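Peer 1: Sharing a sequence plus its predicted fold:
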Amino acid sequence: MFLRRTHVQQSKRWWHSPLLTLYESLTLTDQVQSVDLIVVMAGRMERKQYGLDLLRAGLTPHLLLSVGRFEVSKMKCLELPCFEELLRLRDKTRPDERHFFVNLDRSGARVHKVKIARWNTYGEALAIHDYLKDSEVRRVMIVSTDIHLRRVEFTFRKVLQDIPVEVVYCPVPSTLSSVTEDCWWTRADDRRYVLNEIVKLAGYKVILSMPAPAVRWLTQFGRTS
């Protein structure tokens with residue numbers, strides 16, 4: 001009986017290892033540090049909360065929240081002073097153009113609409129490029145879900161080549177994240193997220209490695225977040 005149980009445990013470990021390695025291949029974790037600007041990618045709300053935690057901890061004087069169309073009503077839980085302004089701007093904006101940046105610093109909170117290319121992560125990177133190009137920001141922290149960050153890093157590396165900025169990539173801690181590495185394959189939502197991210201990362205690597213005119217043409221079609 002003991003030998004049988006040991007064999008089962010070893011078998012489970014054998015299956016676990018490549019699955020955990022697969023998950024980790026999508027992640028990127030830099031050290032949390034003081035920066036000129038923290039940018040929180042659109043998507044899961046825990047990203048926004050973590051960005052606010054870092055702002056309140058004094059790690060940056062300036063926080064930029066990227067807010068997608070389906071996140072606007074959820075922003076209420078963050079109790080930001082600009083929430084009503086965000087709602088008004090959403091309501092007078094066409095649904096397919098509803099992407100916003102929320103800026104928070106010592107002077108307060110401000111909201112403005114941004115034009116995003118049809119590929120969300122790529123589009124966000126382009127919009128953040130435009131935001132940074134005329135600024136004095138030199139060190140940026142990008143916050144997102146851990147398995148999103150490998151694709152984010154690849155995209156920003158391509159898009160920010162002409163800007164003298166240092167970028168670090170920090171995931172939402174597992175204690176806050178709705179996606180966790182441990183036994184991720186046992187949960188339907190996590191399985192779906194991981195598998196989608198594998199496909200998207202492969203697609204981004206193929207498309208963003210093409211000449212710029214081809215990238216511009218291809219990103220007019222389809223949508224991936």
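Peer 2: Ah, there it is.

Peer 1: Skip the chain neighbours and tell me the closest residue to Leu54.
Peer 2: Ile38 (5.7 Å; CB to CB, 6 or more residues apart in numbering). Placement of C-beta: from N, CA and C, glycine included.

Peer 1: hmm, I was thinking of Leu149
Peer 2: Here the residue nearest Leu149, using CB to CB, 6+ apart, is Leu28, at 4.0 Å.

Peer 1: gap between the one you found and Val137?
Peer 2: 20 Å (CB to CB, to the nearest Å).

Peer 1: can I assume the residue nearest to Leu54 is in contact with Leu55?
Peer 2: Yes. Between Ile38 and Leu55 a contact is recorded at 6.7 Å, counting by CB atoms under 8 Å.

Peer 1: In terms of neighbours, single out the busier of the two.
Peer 2: Legend: neighbour count by other CB atoms under 10 Å for Ile38 and Leu55, higher for Ile38 (26 against 18).

Peer 1: The more buried one pairs with what?
Peer 2: Going by DSSP bridges, Ile38 is paired in beta bridges with Leu63, Met141.

Peer 1: Could you tell me how far it is located from Asp190?
Peer 2: Taking CB to CB, one finds Ile38 at 26 Å from Asp190.

Peer 1: Also Arg47?
Peer 2: Following CB to CB, the distance that separates Arg47 from Asp190 is 16 Å.

Peer 1: quick one, what contacts Lys48?
Peer 2: Neighbouring residues of Lys48 by CB atoms under 8 Å, 6 or more residues apart in numbering: 40, 65, 71, 75, 78.

Peer 1: how far does the helix or strand that Glu153 is a member of sit from the chain's center?
Peer 2: Per DSSP states H and E, Glu153 falls inside helix 149-159. The chain centroid and the centroid of helix 149-159 are separated by 10 Å under CA atoms, centre = their mean, to the nearest Å.

Peer 1: what's in contact with the helix or strand that it is followed by?
Peer 2: The helix or strand immediately downstream of helix 149-159 is strand 166-171, counting by DSSP H and E. With CB under 8 Å, 6+ apart as the test, strand 166-171 has contacts from 27-33, 35, 138-146, 149, 152-153, 156, 160, 177.
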